[in-house]
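Trainee: I would like to see how this sequence folds:
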Amino acid sequence: MNNLLVLPFLIPFAVGAILILFSKRIGLQRFLSGLTAILMLGVAIYLLSVVRAEGVVVLEVGNWSAPFGIVLVADLFAAIMVLMSAIVGLLCLFFAFRTIAPEREKFYFYPFYFFLLTGVNGAFLTGDIFNLFVFFEVMLISSYVLIVMGGTNYQLRESLKYVVMNIFASILFIATMAFTYAVTGTLNMAQLAERVAELEQVGVLNVIAMFYFIVFGMKGALFPLYFWLPRSYFGPPAAVAALFGGLLTKVGIYAIIRTFTLIFPHNQEFTQPILIWVGAITIVIGGLGAVSNFDFKRILSYHIVSQVGYMVIGLGLYTSLAVAAAIYYIVHNIIVKTALFLYAGTAQRITGTTDLKQMGGLLKTHPLLGWMFFITGIAIAGIPPFSGFVSKLSLVVSSFETEQYVVGGIALAVGMLTLFSMIKIFMYVFWGEQKHTKAQGKTKVGDLLLPAIPLVILTTVLGVAAQPILSFFLEASNQLLDPSIYIDSVLKGGGA
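Mentor: This is a model prediction of the structure:
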């Protein structure tokens with residue numbers, strides 16, 4: 001049963017390698033890619049059911065016991081993230097089938113698509129800091145290829161910032177790992193958690209904790225190192241932008257939550273205010289960036305910045321409800337952000353632009369697209385009965401319970417900015433006078449909307465079935481807030 005843990009990253013890695021051999025046979029690549037994505041979804045669902053039923057699942061690779069060998073670990077939080085990766089990977093892939101140009105498909109689009117998913121899933125399941133770095137690099141190298149594929153001047157110019165920022169973050173990551181090993185003598189997460197607890201997380205360990213926060217914050221686009229994201233995510237094709245917008249920053253946030261609940265949860269008087277206020281400033285910066293822009297994709301990119309701030313605030317508040325709200329927010333944002341980028345790509349397919357001032361009247365010619373956007377837009381703004389309302393309400397309630405009234409007020413106020421920017425997109429793009437031609441108005445996009453329909457259903461279900469879903473996320477939160485569960489599962493064989 002434990003060997004199940006290798007499948008979420010072994011399957012896409014193996015298939016990606018095989019697809020390299022068939023780079024010119026587009027039909028075969030699509031067929032194998034589609035089957036693989038469906039298989040990955042099935043594996044992710046099964047993994048979550050096993051973890052829910054049996055507890056934390058641990059695999060000691062090569063039968064080398066922890067902390068001496070490589071371990072893979074799946075708790076509820078990791079299993080949830082693997083499932084979200086599978087959902088987004090499947091839906092963005094089917095959108096790519098209809099939108100990616102053949103010349104891009106021939107230049108190894110599908111192999112690097114699956115290599116990226118290899119890195120994402122590996123990062124969620126590794127129980128070792130060094131292998132977290134390795135999987136981050138697999139993910140990032142694949143993203144470098146996908147983000148420049150097509151080779152437009154804009155893509156190359158803006159992706160350079162993305163590459164440079166992530167290379168710098170990777171160098172800092174290596175230095176921080178070396179620093180960590182010098183102080184603690186280990187990079188196994190469970191043993192590292194024990195060592196940090198013994199040393200009481202003071203002095204140099206607080207410095208190490210902040211270095212990890214900077215590294216993962218750079219990859220997650222937190223203030224002040226968010227500037228690379230809005231323009232970098234503008235250039236790639238919609239399928240790639242949706243995959244990046246839905247998943248990549250969440251890997252950085254996952255790493256922050258993992259390290260600060262497992263390894264560095266002790267000196268909260270020092271770490272909590274930093275997490276809370278970096279999150280709050282990130283929310284404000286992203287919200288202001290969204291309302292000040294008049295480009296569909298750039299507005300959505302700034303929303304990514306804003307939304308990751310909410311997730312970090314949930315961690316900073318460090319109560320069971322707050323961390324559950326952060327998990328809820330991650331799941332909600334992965335769903336709605338992916339859908340919104342797919343809508344932006346669909347609208348661009350019709351009109352040939354993402355400039356709001358050159359768009360208008362799409363509701364008349366493509367009403368289904370307009371109303372699907374409307375539902376997803378109010379969901380991300382936190383309007384009931386959709387998923388954004390429950391996650392944001394839980395976070396605000398947590399902030400008031402912990403007497404962080406200013407932070408709760410900021411979360412509510414920026415929610416209004418999010419709503420304003422969504423209304424702005426709806427009014428410019430879908431309402432008003434039709435600015436696209438009659439020929440453009442006849443563009444058929446039903447097949448492009450099919451991958452977004454499950455996402456609309458999911459955001460609705462997450463809102464309507466809030467009570468059982470929040471209870472499930474509370475279960476995952478309580479597991480995170482009790483590091484002994486993870487530690488005992490890895491070091492004492494307490495897992496499945």
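
Trainee: now the host helix or strand of residue 304: buried residues?
Mentor: Using DSSP states H and E, residue 304 falls within helix 296-317. Residues 296-317 are the ones in helix 296-317 that count as buried (16 or more other C-beta atoms under 10 Å). No exception for glycine: its C-beta is placed from N, CA and C like everyone else's.

Trainee: the helix or strand of the chain with the lowest mean pLDDT packs against which elements?
Mentor: Least confident helix or strand, the chain: helix 228-232 with a mean of 77, by mean pLDDT, DSSP states H and E. Counting by 3 or more C-beta pairs under 8 Å, 6 or more residues apart in numbering; DSSP states H and E, the packing neighbours recorded for helix 228-232 are helix 153-184, helix 296-317.

Trainee: if we look at that helix, which residues are touching it?
Mentor: By C-beta atoms under 8 Å, 6 or more residues apart in numbering, the residues outside helix 228-232 that reach it are 147, 158-159, 161-162, 165, 221, 249, 289, 293, 298, 301-302, 304-305.

Trainee: report the lowest-confidence entry in these.
Mentor: Among the contacts of helix 228-232, residue 158 carries the lowest pLDDT, at 69.

Trainee: which of the helices and strands packed on helix 228-232 has the lowest mean pLDDT?
Mentor: Looking at these, the lowest mean pLDDT belongs to helix 153-184 (a mean of 85).

Trainee: for that helix, buried residues please.
Mentor: Using 16+ other C-beta under 10 Å as the test for burial, helix 153-184 gives 155, 158-159, 162-163, 165-166, 169-170, 173, 176-177, 179-180, 183-184.

Trainee: stretch 254-271 now?
Mentor: Buried-residue list, stretch 254-271, by 16+ other C-beta under 10 Å: 254-267, 271.

Trainee: and the two most separated of the residues you listed?
Mentor: Spanning the widest gap among the buried residues of stretch 254-271 are 254 and 267, at 21.7 Å by C-beta to C-beta.

Trainee: got the contact list for the closest residue to residue 312 other than its chain neighbours?
Mentor: Using C-beta to C-beta, 6 or more residues apart in numbering and skipping the chain neighbours, the partner closest in space to residue 312 is residue 279 (3.6 Å). Residues near residue 279 by C-beta under 8 Å, 6+ apart: 222, 309-313, 315-316, 407.

Trainee: and those residues, which is closest to residue 42?
Mentor: Using C-beta to C-beta, the contacts of residue 279 come closest to residue 42 at residue 311, 27.7 Å.

Trainee: can you list contacts of stretch 19-36?
Mentor: Residues from elsewhere that reach stretch 19-36, judged by C-beta under 8 Å, 6+ apart: 11-12, 15, 18, 93-94, 97, 102, 105-108, 110-111, 113-114.

Trainee: dump it to PDB, restricted to CA.
Mentor: Extracted in PDB, the C-alpha atoms of stretch 19-36 (Å, rounded to 0.1, in the frame of the first residue of the first chain):
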ATOM      1  CA  LEU A  19       6.400  11.300 -24.900                       C
ATOM      2  CA  ILE A  20       9.800  12.800 -25.800                       C
ATOM      3  CA  LEU A  21      10.200   9.900 -28.200                       C
ATOM      4  CA  PHE A  22       7.000  10.800 -30.000                       C
ATOM      5  CA  SER A  23       7.400  14.600 -30.300                       C
ATOM      6  CA  LYS A  24       6.200  14.700 -33.900                       C
ATOM      7  CA  ARG A  25       3.200  12.400 -33.400                       C
ATOM      8  CA  ILE A  26       0.700  14.900 -32.000                       C
ATOM      9  CA  GLY A  27      -2.300  12.600 -32.000                       C
ATOM     10  CA  LEU A  28      -0.500   9.900 -30.000                       C
ATOM     11  CA  GLN A  29       0.900  12.500 -27.600                       C
ATOM     12  CA  ARG A  30      -2.600  13.700 -26.900                       C
ATOM     13  CA  PHE A  31      -4.000  10.200 -26.400                       C
ATOM     14  CA  LEU A  32      -1.300   9.200 -24.000                       C
ATOM     15  CA  SER A  33      -1.500  12.500 -22.200                       C
ATOM     16  CA  GLY A  34      -5.200  12.300 -21.700                       C
ATOM     17  CA  LEU A  35      -5.100   8.700 -20.400                       C
ATOM     18  CA  THR A  36      -2.200   9.700 -18.000                       C
END
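
Trainee: for the residue located most distally from the centre of the chain, give its distance to residue 430.
Mentor: What lies farthest from the middle of the chain is residue 438; by C-alpha atoms, centre = their mean that is 37.8 Å. Using C-beta to C-beta, to the nearest Å, residue 438 is found at 17 Å from residue 430.

Trainee: do the same with residue 423
Mentor: Note on residue 423: its distance to residue 430, by C-beta to C-beta, is 11 Å.

Trainee: and what of residue 36?
Mentor: For residue 36, the distance to residue 430 equals 35 Å [C-beta to C-beta].

Trainee: now do residue 359
Mentor: 8 Å.

Trainee: ok, now residue 403?
Mentor: The gap separating residue 403 from residue 430 is 42 Å, by C-beta to C-beta.

Trainee: which one of these two has more residues nearby?
Mentor: Set residue 403 next to residue 430 and count neighbours by other C-beta atoms under 10 Å: residue 430 wins out with 24 against 9.
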